[in-house]
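>>> Sharing a model that was predicted from the sequence below.
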Amino acid sequence: MSTIAFDQFALTRIADFARSLSRLHKTSRRRLVDDDAIDREFNAVCQSVWGYTTDDISDDLFSDADHVFLDSLDEAQARLFAAEQGYDLVDDDGMLSDWWGYCWMILAEKRGLLTPENRTAARAQIEEKYRAAPNVIGVIVGR
């Protein structure tokens, strides 16, 4: 008998938050969908689940081992990792399209990186990157 068992009802089912995103992915198979629309919807899912988005955490906060771990994940490993942390990455059609991004957020949560201070620093980094770009006069930030 397996030593690992998960109560599927105790897991946060990310698919419940990602219905609109899943529809966008399905639509994108039939016709062109703006990448920004998918990014906005992915961020909305992350905001709903964690209160943060991938833009709120700098890649630099993850250790080299964390990057290797994330880069080596396949769908089966991701599903197990997420379940161990209390999340379900499966919807009615199988694995969620954005499973890797969700694992990134799950690991950030596990490492304690989802903090207001890290959000402020990550957003400042993004703003600085835009300001350094040629032909950029200013950056409008919604707060």
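Now that the structure is in, tell me what you want to look at. Numbering: from 1, shown residues only.
>>> Could you tell me which other helices and strands the helix or strand of the chain with the lowest mean pLDDT packs against?
Scoring the helices and strands of the chain by mean pLDDT, DSSP states H and E places helix 19-30 at the bottom, with a mean of 86. Using 3 or more Cβ pairs under 8 Å, 6 or more residues apart in numbering; DSSP states H and E as the contact criterion, the neighbours of helix 19-30 among helices and strands are helix 35-50. For every residue, glycine as well, the C-beta is placed using N, CA and C.
>>> Now tell me what touches the helix it packs on from outside.
For helix 35-50, the surrounding residues in contact (Cβ atoms under 8 Å, 6 or more residues apart in numbering) are 12, 14, 17-18, 20-21, 24-25, 28, 52-55, 98, 101-102, 105, 108-109, 114.
>>> Report pLDDT for residue 38.
According to the per-residue confidence, residue 38 scores 88 in pLDDT.
>>> any idea how far it lies from residue 32?
Look at residue 38 and residue 32: by Cβ to Cβ, to the nearest Å, they are 11 Å apart.
>>> more neighbours, these two?
In this comparison of residue 38 against residue 32, neighbours counted by other Cβ atoms under 10 Å, the higher total goes to residue 38 at 17 against 7.
>>> Return the distance of that one relative to residue 24.
From residue 38 over to residue 24 (counting by Cβ to Cβ), the distance is 6 Å.
>>> Now stretch 36-50: buried residues?
38, 41-43, 45-46, 49-50 (16 or more other Cβ atoms under 10 Å).
>>> actually stretch 12-22, not the one I wrote
Of the residues in stretch 12-22, 13-15, 17-18, 21-22 count as buried by neighbour count, 16+ other Cβ under 10 Å.
>>> Provide a list of residue ranges in the chain with pLDDT below threshold.
Applying pLDDT under 70 to the chain flags residues 1-9, 141-143.
>>> how about a cut-off of 80?
Scanning the chain for pLDDT under 80 picks out 1-10, 136-143.
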